[in-house]
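**Q** here is my input; please provide its structure:
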Amino acid sequence: MSDTSLPRSQPIKAFKDLLSWKPGNDDYNVAHTPFHPRPPTVSRRRTYRNTNGDSAVDNSSEPSLQNSIDCKIIVCHDMAGGYVEDALPQGNGYSTIYSIQYWNHVDTFIYFSHSRITIPPPVWTNATHRNGVRCLGTIITEWLPGVLETDEMVSGPGQTLANENGDDEVDRRWFSKTYADKLVDMAVYYQFDGWFINIESILRGGAQQANQTIAFLAYLRSQIHARIPGGELIWYDSLSPENYRFFEQSDGIFTNYTWKEKSVGESVALAGPRNRDVYTGIDIWGRNTYGGGGYTTYKALEVIQRERTSCALFAPAWTYESLGKEDFMTNDRLFWSGYGGAGIHAESLPLSSFYDATCRLLAGELGGKPGEAGERDRADNKGFLPVSTYIPARPSGTSSWFYSNFDRGFGKGFWVNGKKVSNKPWSHLSHQSLSPS
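**A** A predicted model of the protein is given here:
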């Protein structure tokens with residue numbers, strides 16, 4: 001049983017509850033690690049695998065490392081409804097916990113839940129900032145209750161939204177700054193870097209409410225940029241002619257992960273020079289997502305790099321929730337970096353041995369699944385490539401200094417100055433340091 005007296009991270013359930021929120025009353029949930037900007041990236045050629053075989057090629061038609069790094073990556077963390085293992089800002093006694101050990105392949109982290117306003121727990125903000133990654137909260141409106149919540153967000157509190165006949169009563173020539181200012185106040189106080197806005201409810205005011213919402217976004221974005229250095233506002237859903245004006249008033253758009261291959265090129269055509277501000281979504285659980293997610297995520301990444309958008313990985317905790325906690329570190333390393341953690345970009349690794357070992361691992365031959373089932377899985381995964389194939393590691397540390405104590409954010413004991421002070425298991429993502437890459 002958890003100790004209810006301990007401070008906890010939690011979301012806000014409705015916009016009206018945001019009115020009573022004030023900074024200064026929740027200091028346990030304030031992150032205290034400043035953002036550490038990464039050093040600049042140096043462009044150089046990389047050797048890529050020829051997808052028709054396992055020999056290495058250096059083809060001028062292949063993307064350069066600079067083009068790969070131009071592909072920005074969002075990780076959207078959606079796990080068990082949110083605020084579970086990570087809800088205690090002072091850490092806990094779990095022996096295992098979901099963590100991201102491959103921050104050097106990530107640019108922006110979104111903490112996601114289906115609550116109206118999702119505030120990132122400070123353990124994540126501390127970990128992201130130490131690794132040069134931006135951290136965003138989530139605003140979401142869904143289903144019928146979300147219709148009025150969206151309206152209150154842009155029209156302001158205390159409005160009569162409809163008369164007794166259901167007719168719209170809102171003067172949509174104006175938008176309200178009330179909630180926009182509160183949202184920025186909240187990000188500044190808790191020390192995260194902006195917001196991901198996911199509006200999945202209809203706009204009951206039609207085109208007039210769309211214009212009202214666009215004006216709200218423009219103001220919210222201006223305040224984020226003015227008050228949060230490097231702050232971001234990300235909008236959600238497909239990039240279409242109808243959605244383009246929302247994209248114009250955001251720093252990027254996270255597209256629905258149910259896309260077809262041709263739609264990525266259509267998004268690029270609409271985005272023009274902002275093609276890398278289009279974050280093409282991939283559901284790692286494989287729900288109606290191109291390529292099937294999981295260990296076939298590379299199929300979607302191949303399209304994304306070919307069309308030159310950016311990408312958003314939704315729910316990569318699949319390696320923890322679906323594949324099991326016991327083998328999480330092995331499975332997660334395979335997903336991000338490949339067998340042995342080297343990834344395809346390690347020119348010194350013999351490609352034949354890399355593919356053979358990886359296919360054997362995926363087929364279960366390095367621990368079970370013999371016979372025809374193993375052979376079938378091995379054939380299905382013959383082309384497996386990890387995320388690092390398409391998203392090379394970013395530089396770690398800063399331009400002027402580098403430090404790591406290789407703390408993963410959890411362990412089975414605790415040492416201070418080389419002396420073991422505890423034999424108990426623990427987890428605390430705020431302790432997470434830079435990992436080897």
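**Q** please count neighbours and contacts with C-alpha atoms only from this point.
**A** Will do.
**Q** show me the contacts for A31.
**A** By C-alpha atoms under 8 Å, 6 or more residues apart in numbering, A31 lies in contact with 122-123, 125-126, 190-192.
**Q** please name the spatially closest residue to it (chain neighbours excluded).
**A** In space, and not counting its chain neighbours, A31 is closest to P122: 4.6 Å by C-alpha to C-alpha, 6 or more residues apart in numbering.
**Q** of the contacts of A31, buried ones?
**A** The neighbour count (16 or more other C-alpha atoms under 10 Å) marks 122-123, 125-126, 190-192 as buried among the contacts of A31.
**Q** for V416, give me phi and psi.
**A** Backbone torsions for V416, taken as degrees, to the nearest 10, come to phi -130, psi 120.
**Q** contacts only, for it.
**A** Contacts of V416 (C-alpha under 8 Å, 6+ apart): none.
**Q** if we go to 10 Å?
**A** S422 (C-alpha atoms under 10 Å, 6 or more residues apart in numbering).
**Q** got a pLDDT number for F354?
**A** For F354, the pLDDT comes out at 43.
**Q** same thing with W318?
**A** pLDDT, W318: 97.
**Q** in terms of contact, does it touch D78 like I think?
**A** Yes. Counting by C-alpha atoms under 10 Å, D78 is a contact partner of W318 at 9.5 Å.
**Q** can you give me phi and psi for the closest residue to Y295 other than its chain neighbours?
**A** Spatially, and ignoring its direct neighbours in sequence, Y295 is nearest to F335 (6.2 Å; C-alpha to C-alpha, 6+ apart). Backbone torsions for F335, taken as degrees, to the nearest 10, come to phi -60, psi -50.
**Q** next, the distance between the ends of stretch 232-250.
**A** Using C-alpha to C-alpha, to the nearest Å, the end-to-end distance of stretch 232-250 comes to 8 Å.
**Q** then stretch 317-331?
**A** By C-alpha to C-alpha, one end of stretch 317-331 lies 11 Å from the other end.
**Q** report the buried residues of that stretch.
**A** For stretch 317-331, by 16+ other C-alpha under 10 Å, it's 317-320, 328-329, 331.
**Q** among the buried ones among the contacts of A31, which one sits closest to E164?
**A** Using C-alpha to C-alpha, Y190 is the member of the buried ones among the contacts of A31 that lies nearest E164, at 40.7 Å.
**Q** once you drop chain neighbours, what's closest to the closest one?
**A** Of all residues not flanking Y190 in the chain, V30 sits nearest, at 4.4 Å (C-alpha to C-alpha, 6+ apart).
**Q** just want the most central residue of the protein.
**A** Centroid-nearest residue in the chain, with C-alpha atoms, centre = their mean: V75, separated by 1.8 Å.
**Q** may I have the phi/psi pair for that one?
**A** Backbone torsions of V75, given as degrees, to the nearest 10, read phi -110, psi 120.
**Q** what does K260 give?
**A** Dihedral angles for K260 - degrees, to the nearest 10 - are phi -100, psi 160.
**Q** what about the helices in the stretch 51-200 of the chain?
**A** 65-70, 122-130, 143-155, 178-190 (DSSP state H, counting those that start in this stretch).
**Q** can those go into JSON lines with extra columns for mean pLDDT and distance to Y83?
**A** Below are the helices of the stretch 51-200 of the chain laid out as JSON lines (pLDDT from 0 to 100; distance: least, C-alpha to C-alpha, whole Å):
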{"stretch": "helix 65-70", "mean pLDDT": "60", "distance to Y83": "31"}
{"stretch": "helix 122-130", "mean pLDDT": "97", "distance to Y83": "11"}
{"stretch": "helix 143-155", "mean pLDDT": "93", "distance to Y83": "21"}
{"stretch": "helix 178-190", "mean pLDDT": "98", "distance to Y83": "16"}
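**Q** show me the one of those that comes nearest N243.
**A** For the helices of the stretch 51-200 of the chain, proximity to N243 was assessed by C-alpha to C-alpha; helix 143-155 is nearest, at 16.3 Å.
**Q** how far away from the center of its chain is the closest one?
**A** 25 Å (C-alpha atoms, centre = their mean, to the nearest Å).
**Q** good, we can wrap up now.
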